[in-house]
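>>> below is the structure, and that's it, no one-letter string:
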């Protein structure tokens, strides 16, 4: 039973009964409902934060576990990248040096594998942590590409290793004329005085002074790609392709003992010294070409001389004298 409330009326000096109108009841009801709603909302927020449901707790635990596993995966990818970097370094600075192969440029090893469109399907799904997912895929794709390039490099190295014996017998490694007394090296590679123009000019080979008819030998296994007779320039000349990027030229000859297209072996007689073309005396002008570039032949005389003899040849070749022909 509801309590009846009264108030004292000073005008009538009597206690009057308090009567509540329907409007007041409605307003009070609405106020109570509003306050209950506000307190209920605040309570639900606090409760959800500090007292999650079993499903929410499971999902949060699963999310934390996934983040932990992602960090482990990222560490594994970083570790794999470090191992791969070590393999790449050994490949460029050891294996490729041993087999005289050019190192793989870093821009080739680290080239990209596609733009943002590659992961467009993932981006279209608008996942909450798509940044972690796309980042992982990018790192793994880059790792896979570098691993593929590295395996192809090892394929090349394997082929070079299998051909090592052939390569060693093909590289120009002896002097093209008999020079046991080391007196025939007349002019070395580099800037020398031109015998006709009388100016300093790049001498792209080595001159061996020798009598006309002195035997000339192939300095490595290969195939004769040119046996040309001319009265100018290099005169009578032979070129041999040794493979593996190497070629040699023998100029100012007087006689050929091989023909164009013929296969030769190191030490085989290929011709005789002469005085043809632009030459001032009987001699052999000998050149070594590696990957299209003329290099110093003195660096390749390793098979028929001792270290002391090699030092003496280096000393002779360094003298800036006049060449015998160009």
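Everything's here; your move. These figures come from a predicted structure and were not determined experimentally. Numbers count the residues shown, from 1 in each chain.

>>> tell me if residue 226 really is in a helix.
No - secondary structure of residue 226 (DSSP: H, G, I helix; E, B strand; the rest coil): strand, not part of a helix.

>>> I'd like the next helix or strand past the helix or strand bottoming out on mean pLDDT in the chain.
Lowest mean confidence among the helices and strands of the chain (mean pLDDT, DSSP states H and E): helix 120-124, at a mean of 54. Downstream of helix 120-124, the next assigned helix or strand under DSSP states H and E is helix 130-162.

>>> which strands or helices does that next one pack on?
Applying 3 or more C-beta pairs under 8 Å, 6 or more residues apart in numbering; DSSP states H and E, one finds that helix 130-162 contacts helix 54-90, helix 106-109, helix 120-124. C-betas here are computed from N, CA, C, even on glycine.

>>> need those helices in a markdown table (columns: distance to residue 201).
Listed next are the helices and strands packed on helix 130-162 as a markdown table, based on distance: least, C-beta to C-beta, whole Å:
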| stretch | distance to residue 201 |
| --- | --- |
| helix 54-90 | 41 |
| helix 106-109 | 37 |
| helix 120-124 | 61 |
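
>>> per-stretch mean pLDDT over the ones you listed, give me the minimum one.
Mean pLDDT is lowest for helix 120-124 among those, at a mean of 54.

>>> re earlier: which one of the helices and strands packed on helix 130-162 lies closest to residue 158?
Closest to residue 158 of these, according to C-beta to C-beta: helix 54-90, at 14.4 Å.

>>> buried ones in the closest one?
Residues 77, 84, 87, 88 are the ones in helix 54-90 that count as buried (16 or more other C-beta atoms under 10 Å).

>>> so how far is the very next helix or strand once past it off the chain centroid?
As assigned by DSSP H and E, the chain's next helix or strand after helix 54-90 is helix 96-98. Per C-alpha atoms, centre = their mean, to the nearest Å, the displacement of helix 96-98 from the mean C-alpha position of its chain is 14 Å.

>>> what lines up beside the top strand by length along the chain in the sheet?
Counting by DSSP state E, the longest strand found in the chain is strand 246-256. Paired neighbours of strand 246-256 in the sheet (DSSP bridges): strand 236-243 (antiparallel), strand 269-273 (antiparallel), strand 283-290 (antiparallel).

>>> now tabulate those strands in a markdown table and tack on distance to residue 297, mean neighbour count and mean pLDDT.
Output for those, formatted as a markdown table (distance: least, C-beta to C-beta, whole Å; neighbours: other C-beta atoms under 10 Å; pLDDT from 0 to 100):
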| stretch | distance to residue 297 | mean neighbour count | mean pLDDT |
| --- | --- | --- | --- |
| strand 236-243 | 13 | 22 | 95 |
| strand 269-273 | 16 | 21 | 96 |
| strand 283-290 | 4 | 24 | 93 |
